[in-house]
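> Provided below are the primary sequence and the corresponding predicted coordinates.
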Number of protein chains: 2
Amino acid sequence: MILSELGELGLIERLSSKLKQKLPDGVFGIGDDCAVIPVSQELSYLITTDALIEDIHFFKNKILPQDLGHKSLAVNLSDIAAMGGIPHSVFLTLSLPKDLDVYWIDKFFDGFQALASKHNTLLLGGDTTGSVNKIAISLTMIGYVHPQKIKFRSSAQLEDIICVTDFIGDSGAGLASILENQKETDDSVYLISRHFRPEPNIEKGVFLAGQHSVNAMMDVSDGVYSDIQRIMKASHCGVNIDMDRFPISDQLRRFSKKNNIDELEMAATGGEDYCLLFTVSRDGVDELAKLYFEKFKQPFYPIGEITSLNSGLVFMNNKKIVSLQKKIFNHF
Amino acid sequence: MILSELGELGLIERLSSKLKQKLPDGVFGIGDDCAVIPVSQELSYLITTDALIEDIHFFKNKILPQDLGHKSLAVNLSDIAAMGGIPHSVFLTLSLPKDLDVYWIDKFFDGFQALASKHNTLLLGGDTTGSVNKIAISLTMIGYVHPQKIKFRSSAQLEDIICVTDFIGDSGAGLASILENQKETDDSVYLISRHFRPEPNIEKGVFLAGQHSVNAMMDVSDGVYSDIQRIMKASHCGVNIDMDRFPISDQLRRFSKKNNIDELEMAATGGEDYCLLFTVSRDGVDELAKLYFEKFKQPFYPIGEITSLNSGLVFMNNKKIVSLQKKIFNHF
């Protein structure tokens, strides 16, 4: 059997099932945005790793190196935010072809460092190696959090309201615009920027993690359609999503109309939004919305609810059940 | 300018000089085998990252996947050992071509896991992604150590004796034998095994880190010739190495004779020995040798001494100064 027959999820499940280890109390490993290593009653470390591979995750001639530097760090910061953590430090591994222009590396590093400075993230190590012809970037980030405030994917409760913190679908539309080599418009410039320069939601993550009414949290990396299934699986529940409630930017709305795209489907499956996806108890949602708006001068957006396990996954659009054809993103 | 003109060390220096960050007290970043994050008066975390790239660090048709799994973990364990630490957990990132045989991945993971179990190292996360055609492996490992026991490269003292914990040169000779497709002999099988399956020296590292007489320590990854220069640079000292004192295995001795190789030069520059290289105060070396032998039933091997900064780097062989032509290993 070759890898493409097994798929990415298949591979992870296969390797996980081979793992013969018992985790000590308080240690969490594979299966959430970050691993958790408890240090004291007041402190746990969060650790996350992400790789970006040329021609798999990015095309070198389609993204500026400074944007790639920003994005490489942002996706890891987003994982720390998703568990309610504050970033501490990062380890950067670069595998680079020997004919790569040093200017490219300088610019990559500028983008990386600007975002690291903004979030007080220390670059403490890594590795630099050659590669035959493709760029491979791998980051490991360490964050910290109070152990009582960590929000897992596994703690969604029946009747919780499912919410996102930002417009969804912009990034996917930005990618579509890039891949189709469209002529730039004001709208596409915005959408592409949302794809290349996601802003990690550290402050929002810390705030939401501090709220008792918030039960489960993660970030949206593969799209709400895929990611909510991770909460379902971890929390052993069903999910009802009302796509009519999706927060859609004006830019995506106009772009979708012009390009004959279903904006709600793009919002569900486009991926790489890197906003937060969380569930909040039905009783607490109004109070949370008030506090959240006071703090951030923005709302969050309810898009559905947690249902019982046997209700399964339901996406509704205009009161009809929708079958989203797009498969879960699979790297192999 | 392209990367190959800058070189690996040049790149690290260039990026380090661009780094605008002030490290908090007790935090150490780039420049040693591991980064150090202090947690309490009794605990610091050590973090190290290493990447292994196909056709740069290994050839897929030359190494068994189980050996590559072992070695990927071993080189990271060796970095933890070099700072006197005990391994805690590891994060494994695999970028794999979609046509890779799943059998290969299974065997890789078996080799990885066998060594992880042996050293009580938890696999807590990572990433799996596709790649266009080459395998890229990146590991980040976390270890722990008492802050007072960490041994740095920067603390060698004038007149310290420089020692290694094991035979050197075996791994380089093993690699030479593989690359030349030599017919297997008992000697080459031993040398190749030393190349493919290095044993990390966790216990020895912990023991040496606990000794006041030991001042500086690191592991030998690029060969004594390159690695001792890292201690020189970090400790602002000179180094005098007596190559006649190099510990050479009988197998390397016979292999070298047969293949017309200078065994001492191979021992100095072959690299990937993954034994420990440490400096010990002249007054303490006899007592340390006694304690060490009692504990490990093996000696360590003095190979030189720390001299003053203006004495520079001197490699002596048969009472003559030797110029080692081989350049520092450069991935670009």
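Yep, it's here.
> What residues sit buried inside stretch A:139-151?
Residues of stretch A:139-151 classed as buried: A:139-146, A:149-151 (neighbour count, 16 or more other Cβ atoms under 10 Å in any protein chain shown). All C-beta spots, glycine's among them, are computed from the backbone N, C-alpha and C.
> Please see if it touches chain B.
Yes. Using Cβ under 8 Å from any Cβ of the partner chain, stretch A:139-151 reaches chain B at A:140, A:142.
> A:G126 against A:L94, yeah?
Yes. With contacts counted by Cβ atoms under 8 Å, A:G126 reaches A:L94, the gap being 7.2 Å.
> before we move on, back to that, Throw the buried residues of stretch A:139-151 into a markdown table and include pLDDT and secondary structure, thanks.
Formatted as a markdown table, the buried residues of stretch A:139-151 follow (pLDDT from 0 to 100; DSSP: H, G, I helix; E, B strand; the rest coil):
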| residue | pLDDT | secondary structure |
| --- | --- | --- |
| A:L139 | 97 | strand |
| A:T140 | 97 | strand |
| A:M141 | 98 | strand |
| A:I142 | 98 | strand |
| A:G143 | 98 | strand |
| A:Y144 | 97 | strand |
| A:V145 | 97 | strand |
| A:H146 | 97 | coil |
| A:K149 | 96 | helix |
| A:I150 | 96 | coil |
| A:K151 | 96 | coil |
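> Is the residue nearest to the spatial centre of chain A in a helix, a strand, or coil?
Centre of chain A computed as the mean C-alpha position; nearest residue by Cα atoms, centre = their mean is A:S221, 3.0 Å away. Per DSSP: H, G, I helix; E, B strand; the rest coil, the local secondary structure of A:S221 is coil.
> mind listing what it touches?
Taking Cβ atoms under 8 Å, 6 or more residues apart in numbering or on different chains, we find A:S221 in contact with A:75, A:78, A:227, A:271-274.
> do the biggest strand by length in chain A and chain B meet at all?
Criterion DSSP state E: the longest strand present in chain A is strand A:86-97. Yes. Applying Cβ under 8 Å from any Cβ, one finds strand A:86-97 in contact with chain B at A:88-89, A:91, A:93, A:95-97.
> Just want the angle from that strand to strand B:86-97.
50 degrees (axes from the mean of the first three to the mean of the last three Cα atoms, to 10 degrees).
> Strand A:86-97 pairs with which strands?
strand A:122-131 (parallel), strand A:136-145 (antiparallel) (DSSP bridges).
> one step back: which among the residues of strand A:86-97 next to chain B gets closest to B:Q21?
B:Q21 has its nearest neighbour among the residues of strand A:86-97 next to chain B in A:S89, at 9.8 Å by Cβ to Cβ.
> Need the nearest residue in space to A:G174, chain neighbours excluded.
A:H195 (3.3 Å; Cβ to Cβ, 6 or more residues apart in numbering or on different chains).
> Also A:L179?
Per Cβ to Cβ, 6+ apart, closest to A:L179 is A:K62, 7.8 Å.
> Would you list the phi and psi of the one you found?
Note on A:K62: its backbone torsions stand at phi -110, psi -10 [degrees, to the nearest 10].
> right, and A:S40 touches B:S40 too?
Yes. Using Cβ under 8 Å, A:S40 is in contact with B:S40, at 7.3 Å.
> Tell me the buried residues in the worst-scoring helix or strand of chain A on mean pLDDT?
The weakest-scoring helix or strand in chain A, judged by mean pLDDT, DSSP states H and E, is helix A:3-18 (a mean of 87). Buried positions in helix A:3-18, judged by neighbour count with 16+ other Cβ under 10 Å: A:3-4, A:6-8, A:11-12, A:15.
> Also stretch A:158-175?
Using 16+ other Cβ under 10 Å as the test for burial, stretch A:158-175 gives A:160-175.
> Just the ones in strands from the residues you listed, please.
Counting by DSSP E, the buried residues of stretch A:158-175 place A:161-164 in strands.
> Surely A:G205 is within a strand?
No. Counting by three-state DSSP, A:G205 is not part of a strand but helix.
> contacting residues for it?
A:G205 is in contact with A:80-85, A:217, A:276, counting by Cβ under 8 Å, 6+ apart.
> now A:D33
A:48, A:79-80, A:82-83, A:153, A:218-219.
> mind checking how far stretch A:258-273 is from the chain centre?
Taking Cα atoms, centre = their mean, to the nearest Å, one finds the center of stretch A:258-273 at 16 Å from the center of the full chain.
> buried sites along that stretch?
Those would be A:261, A:263-273, for stretch A:258-273 by 16+ other Cβ under 10 Å.
> Any chance of the residues you listed in JSON lines with secondary structure, distance to chain B and pLDDT as columns?
Below are these laid out as JSON lines (DSSP: H, G, I helix; E, B strand; the rest coil; distance: Cβ to the nearest Cβ, whole Å; pLDDT from 0 to 100):
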{"residue": "A:I261", "secondary structure": "coil", "distance to chain B": "26", "pLDDT": "91"}
{"residue": "A:E263", "secondary structure": "helix", "distance to chain B": "28", "pLDDT": "94"}
{"residue": "A:L264", "secondary structure": "helix", "distance to chain B": "28", "pLDDT": "95"}
{"residue": "A:E265", "secondary structure": "helix", "distance to chain B": "24", "pLDDT": "93"}
{"residue": "A:M266", "secondary structure": "helix", "distance to chain B": "23", "pLDDT": "94"}
{"residue": "A:A267", "secondary structure": "helix", "distance to chain B": "24", "pLDDT": "96"}
{"residue": "A:A268", "secondary structure": "helix", "distance to chain B": "23", "pLDDT": "95"}
{"residue": "A:T269", "secondary structure": "helix", "distance to chain B": "19", "pLDDT": "93"}
{"residue": "A:G270", "secondary structure": "coil", "distance to chain B": "19", "pLDDT": "92"}
{"residue": "A:G271", "secondary structure": "coil", "distance to chain B": "14", "pLDDT": "93"}
{"residue": "A:E272", "secondary structure": "coil", "distance to chain B": "14", "pLDDT": "95"}
{"residue": "A:D273", "secondary structure": "coil", "distance to chain B": "19", "pLDDT": "97"}
